[in-house]
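[1] sharing a sequence plus its predicted fold:
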Amino acid sequence: MRLGKFADNHILTVNNLRSCSFSSTRFVSIPKLYVRRLQCLRVSPGRFESDRNTDEPSDGASASISENGLKMEEQRTKEVIMFELCQVGENTYYINYPVKVGVYRANENEVYLIDSGNDKNAGRRIMKKVLDENKWKLKGIINTHSNADHIGGNAYLQQQTGCKIFTSGLEAAFTNYPVLEPSFLYGGYPFKEFRDKFLLAQPSNAVDIGDPDFPNELEIIPLPGHFFDMIGIRTPDDVVFLGDCVSSRAVLERYQICFIYDIAEYLDTLDKVETMEAAVFVPSHTEAVEDIRGLVSINREKVYTVSSRILSLLRTPMSFETLLKHLFTGFNIAMTYDQYALIGSTVRSYLAWLKDTEKISASFEENVLVWKTKKTDSKCSMKY
């Protein structure tokens, strides 16, 4: 939703996340949202829609934007949109950006961010348009996980403010040593095209969420599956930030295979999130909602759609690379370096899950690892 310019002292009230009307600046109870619209530049939203920001190309990397879908965006294309600060609780906000950034106000002057955006420019905008304009001091950043589009603003904000950065388990290692992400995705030392800022953030100094300075009033919700030790955060306003647990139907239909590290844990996390209640749920890559069950359902359905497609293809034994080619072609996905890394890693995770659940088998034939569906699963469908 886009509206024209208006004075800074006006607030946009969104009653049901769809309709809107102008209102005064006073706070009204949840689920009404308060949105201050601040102008900025962005590219296509969401990690799976490519979170590259084209304001400054990464070192040695192409400034073009790869999309997992129908086309490549033209080099250095920019779209003017609105940068939104949305209030969803007395002390809880999120910044509507390619990756939603949570803001928790611990007191009148100090705030914590939940994630930091996709790059240095995101950090600059957060500093200028959110922190400086509201006269807020950044006390800390809590990263839900260590994907580059969630920690990209860390280094700039930490350098400017000296704030602490908190994250969980292995996510701290990836945040402190971000070359681990493209190395993990590629399966070795990443060549230049994999060392762009879409996959490789700048290093920052993160500590574990067990650190004594972590704000105890925030509830930590383990949400593994999408990445190693991803977490969600519940604020005292009963607002839950879900990281990359779920994507919208439009994203799933357009991009088909979204990144997942551990399929079994991801499905368990979806089951857990489906039973959760909150005043508002804020996923990173889709709209905030009061009822999360619909999004959980379509994301679970997509997992089984992809796994059924893999089972069907593997009725003919084939190597991983051949399978990947068929999936890209069948889902009409454009093969790029980024998508080869992200989708390739995800397909390997599907293969591991299907093998561990004895749906498929693997064997070496003429020095090639060949995958095939077991005869007992000749119908090639997954039940859930």
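    Perfect, thanks for sending it. Numbering: from 1, shown residues only.
[2] tell me the spacing between the residue nearest the centre of the chain and residue 105.
    Closest residue to the average C-alpha location of the chain: residue 244 at 4.1 Å, with C-alpha atoms, centre = their mean. Note on residue 244: its distance to residue 105, by C-beta to C-beta, to the nearest Å, is 24 Å. Just so you know, the C-beta spots here come from the backbone N, C-alpha and C atoms, and that holds for glycine as well.
[3] using PDB, write out every CA atom in stretch 325-335.
    Extracted C-alpha coordinates of stretch 325-335, given in PDB (Å, rounded to 0.1, in the frame of the first residue of the first chain):
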ATOM      1  CA  LYS A 325      18.400 -28.800 -13.500                       C
ATOM      2  CA  HIS A 326      15.000 -30.500 -13.700                       C
ATOM      3  CA  LEU A 327      13.800 -28.500 -10.700                       C
ATOM      4  CA  PHE A 328      14.900 -25.200 -12.000                       C
ATOM      5  CA  THR A 329      13.300 -26.000 -15.400                       C
ATOM      6  CA  GLY A 330      10.100 -27.400 -14.000                       C
ATOM      7  CA  PHE A 331       9.500 -24.500 -11.600                       C
ATOM      8  CA  ASN A 332      10.700 -22.000 -14.200                       C
ATOM      9  CA  ILE A 333      13.500 -20.600 -12.000                       C
ATOM     10  CA  ALA A 334      16.300 -18.600 -13.500                       C
ATOM     11  CA  MET A 335      19.700 -20.200 -12.700                       C
END
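[4] can you give me the mean pLDDT across that stretch?
    For stretch 325-335, mean pLDDT rounds to 96.
[5] what about that stretch, distance to the chain center?
    Average the C-alpha atoms of stretch 325-335, do the same for its chain, and the two points are 22 Å apart (C-alpha atoms, centre = their mean, to the nearest Å).
[6] what about residue 144, how many residues nearby?
    29 (other C-beta atoms under 10 Å).
[7] shouldn't it be in contact with residue 231?
    Yes: counting by C-beta atoms under 8 Å, residue 144 does reach residue 231; the two are 5.6 Å apart.
[8] any shared contact partners between those two?
    Here residue 144 and residue 231 have 167, 223, 243 as joint contacts, going by C-beta atoms under 8 Å, 6 or more residues apart in numbering.
[9] the closest residue to the first one other than its chain neighbours: neighbour count?
    Put plainly, it is residue 167. Excluding its sequence neighbours, the residue lying closest to residue 167 (C-beta to C-beta, 6 or more residues apart in numbering) is residue 143, at 4.1 Å. By the criterion of other C-beta under 10 Å, residue 143 has 27 neighbours.
[10] and residue 143, its phi and psi?
    Backbone torsions of residue 143, given as degrees, to the nearest 10, read phi -90, psi 120.
[11] any idea how far it lies from residue 116?
    Where residue 116 is concerned, residue 143 sits at a distance of 7 Å (C-beta to C-beta).
[12] you'd agree residue 343 is in a helix?
    Yes: assessed with DSSP: H, G, I helix; E, B strand; the rest coil, residue 343 lies in a helix.
[13] my guess is it contacts residue 333. True?
    Yes: using C-beta under 8 Å, residue 343 is in contact with residue 333, at 6.9 Å.
[14] those two: which has the busier surroundings?
    Remark: of residue 343 and residue 333, residue 343 carries more neighbours, 25 against 20, as counted by other C-beta under 10 Å.
[15] residues contacting that one?
    Counting by C-beta under 8 Å, 6+ apart, residue 343 has contacts 68, 257, 259, 324, 327-328, 333.
[16] give me that answer again for 10 Å
    48, 68, 185, 255-259, 324, 327-328, 331, 333, 335-336 (C-beta atoms under 10 Å, 6 or more residues apart in numbering).
[17] and those residues, which is closest to residue 173?
    Among these, residue 185 lies closest to residue 173 (C-beta to C-beta), at 15.0 Å.
[18] near that closest one, how many other residues are there?
    Applying other C-beta under 10 Å, I find that residue 185 has 20 neighbouring residues.
[19] what do you get for residue 129?
    So residue 129, with other C-beta under 10 Å, has 17 neighbours.
[20] cool, and residue 193?
    18.
[21] over to the one 3 residues further on?
    Burial measure for residue 196: 23 neighbouring residues, criterion other C-beta under 10 Å.
[22] identify the residues contacting residue 154.
    113, 115-117, 120, 122-123, 141, 143, 146, 163, 165, 167, 175, 178, 201-206.
[23] ah, wrong one, I meant residue 218
    104, 106, 112, 114, 142, 166, 209, 233-236, 241.
[24] now do the helices in the stretch 101-250 of the chain.
    Counting by DSSP state H, counting those that start in this stretch, residue ranges of the helices within the stretch 101-250 of the chain are 120-125, 133-134, 148-151, 154-161, 170-176, 180-186, 249-255.
[25] tell me which of these is the most buried.
    helix 148-151 (a mean of 28; mean count of other C-beta atoms under 10 Å).
[26] closest to residue 314 out of the contacts of residue 218?
    The nearest member of those to residue 314, counting by C-beta to C-beta, is residue 241 at 37.3 Å.
[27] and that closest one, how far from residue 142?
    9 Å.
[28] any common contacting residues for these two?
    Joint contacts of residue 241 and residue 142 (C-beta under 10 Å, 6+ apart) are 102, 104, 114-115, 218, 231, 233.
[29] turn the residues you listed into a markdown table, columns for distance to residue 293.
    Listed next are these as a markdown table, based on distance: C-beta to C-beta, whole Å:
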| residue | distance to residue 293 |
| --- | --- |
| 102 | 21 |
| 104 | 25 |
| 114 | 22 |
| 115 | 24 |
| 218 | 24 |
| 231 | 21 |
| 233 | 20 |
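[30] redo the residues you listed as JSON lines? Include distance to residue 156 and pLDDT.
    Converted to JSON lines, the shared contacts of residue 241 and residue 142 look like this (distance: C-beta to C-beta, whole Å; pLDDT from 0 to 100):
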{"residue": "102", "distance to residue 156": "18", "pLDDT": "98"}
{"residue": "104", "distance to residue 156": "20", "pLDDT": "98"}
{"residue": "114", "distance to residue 156": "17", "pLDDT": "98"}
{"residue": "115", "distance to residue 156": "14", "pLDDT": "98"}
{"residue": "218", "distance to residue 156": "23", "pLDDT": "98"}
{"residue": "231", "distance to residue 156": "23", "pLDDT": "98"}
{"residue": "233", "distance to residue 156": "22", "pLDDT": "98"}
